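Asks: here is my input, please return the structure:
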Amino acid sequence: MGLIDTHTHLDFPDFDADRPQLLARSRALEVGQMVVLGVYQRNWQRLWDLVQTDSQLYAAFGLHPVYLNEHRPAHLAELEQWLGRLAGHPQLCAVGEIGLDYFLPELDRDGQQQLFEAQLQLATDFQLPALLHVRRSHAQVIATLKRFKLKRGGIVHAFAGSREEAREYIKLGFKLGLGGAATWPQALRLRKVIVDLPLDAIVLETDSPDMAPAMYPNQRNSPQHLPEICQALAQVMGISPEQLAEATTANACELFGWKNPTQPL
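Replies: As a prediction, the model looks like this:
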């Protein structure tokens, strides 16, 4: 049951003590490719150094809205330089993690919007998917995406919106990232929504080290939990884990332009 983790932060210090062992355990559980996302300028080099140690790790670079007050105009210029320098490299897969966060009131919304649009423009210029952080800001994100019309779409990470919002993202060419949140029994609204999602619009993720599933409360999340997340989500959706694994792996490979490891040569 081959799986792809489309959203991790494996470069974070949380994994410094046992990163090689964790990767080995994950691979033993058939979690193959993993996307590692940049969130601020100071982690891009560390992230790139990490993915260069493993051909099944892939990098996305971005300026995350939660760290808005840490970002500088020079960082946006540097992001463009990184994307230009690595253009065409097989382990550069996306622009991300970018987006809008309206949950934290201290984050300036105009500043977030300007940064978001600038990075969507980079995704357009370099013909890369965009990996989105969307928190209490679906309407504004959807309106913005309608103006940019990204050719390669992207992923709405940790999707927790409505059926109507899901339909809008899908029409715009985006996949919906599902992970630990929907494994919690109290996530009643989200569970009702994911039952109706088309299988060709879903990808799986962990958001490691965050968003631990219900099976591992208050613990560090990691890619090795993805098979159990897949099993739990499949149960909610009324399908087999194998069906969900096959569909989500195919979806991720299509989005990123990867060869599907589960398909014969």
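Asks: ok, now which ones touch Pro209?
Replies: 9, 12, 14-15, 220-222 (C-beta atoms under 8 Å, 6 or more residues apart in numbering). Where C-beta positions appear, they are placed from N, C-alpha and C, glycine not excepted.
Asks: brain fart, Ala17
Replies: Contacts of Ala17 by C-beta under 8 Å, 6+ apart: none found.
Asks: residues in contact with the helix or strand containing Leu23?
Replies: If you go by DSSP states H and E, Leu23 is part of helix 19-28. Outside helix 19-28, the residues within contact range by C-beta under 8 Å, 6+ apart are 5, 10, 15, 34, 50, 54, 56, 222-224, 226.
Asks: then stretch 99-111?
Replies: So stretch 99-111 is contacted by 64-66, 68-69, 112-113, 116, 132-137, 140-141, 144, 157 (C-beta under 8 Å, 6+ apart).
Asks: what is the end-to-end distance of that stretch?
Replies: In stretch 99-111, first residue to last residue: 11 Å (C-alpha to C-alpha, to the nearest Å).
Asks: for that stretch, buried residues please.
Replies: 99-102, 107 (16 or more other C-beta atoms under 10 Å).
Asks: what of stretch 27-38?
Replies: Under 16+ other C-beta under 10 Å, the buried positions of stretch 27-38 are 29, 31-38.
Asks: so what's the gap between it and the chain middle?
Replies: 12 Å (C-alpha atoms, centre = their mean, to the nearest Å).
Asks: just the C-alphas of that stretch, formatted as CSV.
Replies: Output of stretch 27-38 as CSV, limited to C-alpha atoms (Å, rounded to 0.1, in the frame of the first residue of the first chain):
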residue,chain,number,x,y,z
ARG,A,27,9.8,3.4,4.2
ALA,A,28,9.3,0.0,5.9
LEU,A,29,5.6,1.0,6.2
GLU,A,30,5.5,1.9,2.4
VAL,A,31,5.5,5.6,2.8
GLY,A,32,7.6,6.6,-0.1
GLN,A,33,7.9,10.2,-1.4
MET,A,34,7.6,13.0,1.1
VAL,A,35,7.3,16.7,0.5
VAL,A,36,9.2,19.0,2.9
LEU,A,37,8.0,22.6,3.0
GLY,A,38,9.8,25.8,3.7
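Asks: before we move on, the earlier item: and the buried residues of stretch 99-111, which is closest to Asp196?
Replies: Distance to Asp196 across those (C-beta to C-beta) is lowest for Gly99, with 23.7 Å.
Asks: nearest residue to Leu63 other than its sequence neighbours?
Replies: In space, and not counting its chain neighbours, Leu63 is closest to His71: 4.9 Å by C-beta to C-beta, 6 or more residues apart in numbering.
Asks: hmm, back to that, so which of the contacts of stretch 99-111 sit within helices?
Replies: 112-113, 116, 140-141, 144 (DSSP state H).
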